[in-house]
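*Asks:* give me the fold of what follows.
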Amino acid sequence: MPAYSSSVPRARRSSFIALVVATAVLYLASEVLIPLAIAILLAFLAAPAVRRLERWKLPRLAATLLVAALGFGLIFGIGAIAATQAVSLAAKLPEYRHNIAPMPKMSGVPAGIATPFHTTSSRLRRGSIGTGGLQRTPSSAAAAHSPSGSATTRAS
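*Replies:* You can find the predicted model right below:
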């Protein structure tokens with residue numbers, strides 16, 4: 001019996017060491033394993049479409065290439081739509097400045113939620129948003145030309 005009681009802590013210790021080593025290997029190999037996991041997921045998602053095209057007498061290589069091309073086209077299309085919307089929003093941001101600037105203070109809203117809105121609203125009133133962030137506000141221009149001669153800038 002004493003041999004059994006002394007082997008239990010050893011088994012727990014070796015299990016813990018194995019868990020730590022496995023975690024370290026997975027963490028260090030994440031740059032390889034994450035794309036591999038995504039590729040396996042995409043293969044499982046594409047398999048039914050490839051099988052259906054094979055039933056329609058299309059060779060497996062052609063079916064795989066067709067499904068892959070459609071998948072990449074879908075991803076590219078969604079990206080193009082998102083980029084178009086982002087450019088449109090950036091172009092209309094100066095128009096929206098007039099709608100956002102007179103917004104009343106948000107009372108009853110938690111500070112963590114309201115703070116970004118107040119910050120954006122104040123930056124819109126100063127005119128530092130809407131020009132791609134390239135326009136200096138009067139306070140940052142004064143800080144850049146301080147009497148000491150050093151070019152210091154403040155983050156707004």
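*Asks:* the residue nearest to residue 97 when sequence neighbours are not counted: how many residues sit nearby?
*Replies:* Excluding the flanking residues, the one nearest residue 97 by C-beta to C-beta, 6 or more residues apart in numbering is residue 124, at 4.6 Å. In short, each C-beta sits where N, CA and C put it, glycine included. Residue 124: 20 surrounding residues under other C-beta atoms under 10 Å.
*Asks:* let me see the mean pLDDT of the one helix or strand residue 124 maps to.
*Replies:* Residue 124 belongs to helix 111-126 when assigned by DSSP states H and E. For helix 111-126, the mean pLDDT works out to 67.
*Asks:* helices and strands of this protein: which one has the lowest mean pLDDT?
*Replies:* None of the helices or strands of the chain scores lower by mean pLDDT, DSSP states H and E than helix 138-144, at a mean of 50.
*Asks:* residue 50 against residue 59, yeah?
*Replies:* No: at 10.6 Å, residue 50 and residue 59 do not qualify as touching, with contact defined as C-beta atoms under 8 Å.
*Asks:* which parts of the helix or strand where residue 19 lies are buried?
*Replies:* Assessed by DSSP H and E, residue 19 sits inside helix 2-28. Neighbour counts over helix 2-28 (16 or more other C-beta atoms under 10 Å) mark no residue as buried.
*Asks:* need the next SSE after that helix, C-terminal direction.
*Replies:* Next element after helix 2-28 (DSSP H and E): helix 30-55.
*Asks:* got the angle between that next one and helix 2-28?
*Replies:* Relative orientation of helix 30-55 versus helix 2-28 (axes from the mean of the first three to the mean of the last three C-alpha atoms, to 10 degrees): 80 degrees.
*Asks:* helix or strand right after helix 30-55?
*Replies:* Next element after helix 30-55 (DSSP H and E): helix 60-100.
*Asks:* which strands and helices sit next to that following helix?
*Replies:* Applying 3 or more C-beta pairs under 8 Å, 6 or more residues apart in numbering; DSSP states H and E, we find helix 60-100 packed against helix 30-55, helix 111-126.
*Asks:* the residue nearest to residue 97 touches residue 94, doesn't it?
*Replies:* No: assessed by C-beta under 8 Å, residue 124 is found out of contact with residue 94, at 9.3 Å.
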